[in-house]
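K.L.:
need a 3D model of the sequence below.
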Amino acid sequence: MEKTQNRKGRKRLMTILFSLLSVIVVLFAIGVIANIYAITPTKGENIASYDNPKSALLVIDLQNDITHGKQYGDTAGFVESVNRAIAMAEENGMEILYIRTEYTNPIMQLLAGGMFKPGTDGSEFDNRLKLVNDNIFSKSIGDSFSNAAFENYLVSKEVSSLYIVGADAAGCVLRTAQGGRNRDYNVTIIKDAVISAASGSKMKQVEEQYANIGIKAASLHEAIPLHT
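P.N.:
Have a look, this model is predicted:
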């Protein structure tokens, strides 16, 4: 009787362990798939050849989870540079769009450690950020073009040139730039108004990616003032 009970106990234990292992494998697979999805730039139709093409400044992820996070340290100078870019773009009549990351999917929230959860202080824009309009668009992956309303707005304003500031130069800034190039936009990264947690060697690879697909990198004063 005792041996039978021991066998049943071991069987139950093995069943529990197998179930836990299955859950771990499934969660790992979901994490891998979600990560691939998040870093894959979108594709779309090439923009038209406009008679009077416009320029737009994209301000990406100036949110508290980024600007007050530990990975970037003191961001005061970075936010100030972004604000200078916004002021110069506004002075030159450029379209200015603000993009922020929001994770409504519970799995994405879990994988992100609670960052970018709608309604939290961390998901809000940094209160030091210069907001000049309500052209605000949300995204749930790196590429801002994943939001159809964002893409439609650019098309409606006949924008052909994008100038990008924000975070992260090796993440959402890069993915949005790739999404823009996939649609034949002229894309310039304003290099003194972006931030990255990537190391020097990693950033060198990112800069090579920029160059390989026709993304320009320029200082703020080289990029703006611009024709509009």
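K.L.:
got the phi and psi for the closest residue to residue 178 other than its chain neighbours?
P.N.:
The shortest distance from residue 178 to any non-neighbouring residue, by C-beta to C-beta, 6 or more residues apart in numbering, is to residue 41 (3.7 Å). Any C-beta I mention is one placed from the backbone N, CA and C, and that applies to glycine too. For residue 41, the backbone dihedrals are phi -70, psi 150 (criterion: degrees, to the nearest 10).
K.L.:
what of residue 130?
P.N.:
Per degrees, to the nearest 10, the backbone of residue 130 is at phi -80, psi 110.
K.L.:
what sits against the residue minimising distance to the centre of the chain?
P.N.:
The centre of the chain sits closest to residue 172, judged by C-alpha atoms, centre = their mean, with a distance of 2.7 Å. Neighbouring residues of residue 172 by C-beta atoms under 8 Å, 6 or more residues apart in numbering: 60, 61, 99, 101, 139, 142, 143, 144, 166.
K.L.:
swap in 10 Å and give it another go.
P.N.:
38-39, 58, 60-61, 66, 99-101, 139, 141-144, 164, 166 (C-beta atoms under 10 Å, 6 or more residues apart in numbering).
K.L.:
how is this structure divided into domains?
P.N.:
In terms of domains, the chain is parsed into 1-40, 54-223 (source: automatic domain parsing).
K.L.:
show me the helices in this structure, by range?
P.N.:
Taking DSSP state H as the criterion, the chain contains helices spanning 2-39, 64-67, 76-91, 106-111, 148-156, 172-181, 200-212, 220-223.
K.L.:
based on its surroundings, how many neighbours for the residue lying closest to residue 184 once chain neighbours are set aside?
P.N.:
Among residues not flanking residue 184 along the chain, residue 46 sits closest, at 4.1 Å (C-beta to C-beta, 6+ apart). Residues lying near residue 46 (other C-beta atoms under 10 Å) number 9.
K.L.:
ok, residue 46 - contacts?
P.N.:
Counting by C-beta under 10 Å, 6+ apart, residue 46 has contacts 182, 183, 184, 185.
K.L.:
the residue nearest to residue 178 contacts residue 171, doesn't it?
P.N.:
No. Counting by C-beta atoms under 10 Å, residue 41 stays clear of residue 171, with 11.5 Å between them.
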